[in-house]
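Asks: can you look at this prediction? I've put the sequence above it.
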Amino acid sequence: MVGTLDLINALLQGNRLGVQVGAAYFIPTIVVPALLVTHAMIFAMLIRHRR
């Protein structure tokens, strides 16, 4: 839960501040969405496993 909130907070802060990331542009465009999807999949597995 904390990791997901941290990723969302970092995305919002980066957009708000207009951060220029240069060559590291692939991190927020590829890695962060993949991490959010992974978090969602893990949450779904945990919720299904409890039932």
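Replies: Good, I have the coordinates.

Asks: so where's the protein shaky on pLDDT?
Replies: The chain contains residues with pLDDT under 70 at 50-51.

Asks: which residues in it form helices?
Replies: With helices called from DSSP state H, the chain shows them at 2-17, 26, 32-50.

Asks: what would those helices look like in TSV with mean neighbour count?
Replies: Heads up, the C-betas are built off the backbone N, CA and C, glycines and all. Converted to TSV, those look like this (neighbours: other C-beta atoms under 10 Å):
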stretch	mean neighbour count
helix 2-17	11
helix 26	10
helix 32-50	11
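
Asks: distance of Asp2 relative to His39?
Replies: I think there's a mix-up here, since residue 2 is Val and not Asp. Distance of Val2 to His39, given as C-beta to C-beta, to the nearest Å: 10 Å.

Asks: same question, Leu7
Replies: The gap separating Leu7 from His39 is 7 Å, by C-beta to C-beta.

Asks: for Gly18, give me phi and psi.
Replies: phi 60, psi 40 (degrees, to the nearest 10).

Asks: ok, now how distant is it from Phe26?
Replies: From Gly18 to Phe26 the distance is 18 Å (C-beta to C-beta).

Asks: report the contact partners of the spatially closest residue to Leu36 that is not a sequence neighbour.
Replies: Excluding the flanking residues, the one nearest Leu36 by C-beta to C-beta, 6 or more residues apart in numbering is Leu7, at 5.9 Å. Residues near Leu7 by C-beta atoms under 8 Å, 6 or more residues apart in numbering: 32, 35-36, 39.

Asks: need the residues you listed in JSON lines (columns: distance to His49).
Replies: Shown next, in JSON lines, are the contacts of Leu7 (distance: C-beta to C-beta, whole Å):
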{"residue": "Val32", "distance to His49": "26"}
{"residue": "Leu35", "distance to His49": "21"}
{"residue": "Leu36", "distance to His49": "20"}
{"residue": "His39", "distance to His49": "16"}
